[in-house]
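# coords below, sequence missing:
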């Protein structure tokens, strides 16, 4: 049995709006609903868990009613950190469940179903899968001690996206350990066990909506996708 944990625990301070970014409308529909729909479009059998701060869950229920949103899903309480939120979502998966589980940013509504499929199929075979895209900007390394900077070979780097998909038992083992500052995403939690993470090709449209500029891009993407 396969799961997706959609983490929408952020407050969206960089967006500068009173409404949490996951609830902001894009093309007339809340961002989070678009995200859930993409995974439902990939597979109606995928078990969906949405992680939200407890005080925002009534708003989510109201939005679901307002938009007649009936895709089946469960809701877990968000934590103080991404690590805690992911762990809370993972806790809703019954013990003894076999399969794979994905972790996805709630404000990435334009991940393609092809990328989702590639991540889940790779994780079933190889236990881990993370979507990545090539870096197109020139990168410079900054030495904090000397303030010296120098250009690095960007072909050696990739920008990481979500969903990040893992064997459920591996994910449980990873999130059974204490949180660390070095955990920047779910893949870094799994890697701390000494497990290598496989990559698949992501899609450029799979942006994370965190700023007003991102929201403008999202409106254009929504027009293209709808």
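Great, that's in hand. Note that this is a predicted model, so its numbers are computed, not measured. Numbers count the residues shown, from 1 in each chain.

# quick one: contacts for residue 88?
Under the criterion of Cβ atoms under 8 Å, 6 or more residues apart in numbering, the neighbours of residue 88 are 51, 76-79. C-beta here means a position set from N, CA and C on the backbone, and glycine is covered the same way.

# please flag which of the residues you listed sit within strands.
Using DSSP state E, the subset of the contacts of residue 88 located in strands is 51, 76-77.

# switch the contacts of residue 88 over to JSON lines; also include neighbour count, pLDDT and distance to residue 36.
Listed next are the contacts of residue 88 as JSON lines, based on neighbours: other Cβ atoms under 10 Å; pLDDT from 0 to 100; distance: Cβ to Cβ, whole Å:
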{"residue": "51", "neighbour count": "26", "pLDDT": "98", "distance to residue 36": "12"}
{"residue": "76", "neighbour count": "23", "pLDDT": "97", "distance to residue 36": "14"}
{"residue": "77", "neighbour count": "16", "pLDDT": "96", "distance to residue 36": "17"}
{"residue": "78", "neighbour count": "26", "pLDDT": "95", "distance to residue 36": "16"}
{"residue": "79", "neighbour count": "18", "pLDDT": "94", "distance to residue 36": "20"}
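
# report the two of those separated the most.
76 and 79 (9.2 Å; Cβ to Cβ).

# now for those two: what residues contact both?
In contact with both residue 76 and residue 79: 85, 88, using Cβ under 8 Å, 6+ apart.

# could you pull out the helices in this protein for me?
31-42, 57-66, 82-90, 113-126, 168-175, 186-191, 212-225 (DSSP state H).

# so which of these gets nearest residue 150?
helix 186-191 (25.3 Å).

# contacts for the closest one, please.
82-83, 86, 103, 128, 130, 160, 162, 164, 166, 170-171, 174-175, 177, 182-183, 197.

# among the residues you listed, which ones are buried?
82-83, 86, 103, 128, 130, 160, 162, 164, 166, 170-171, 174-175, 183, 197 (16 or more other Cβ atoms under 10 Å).
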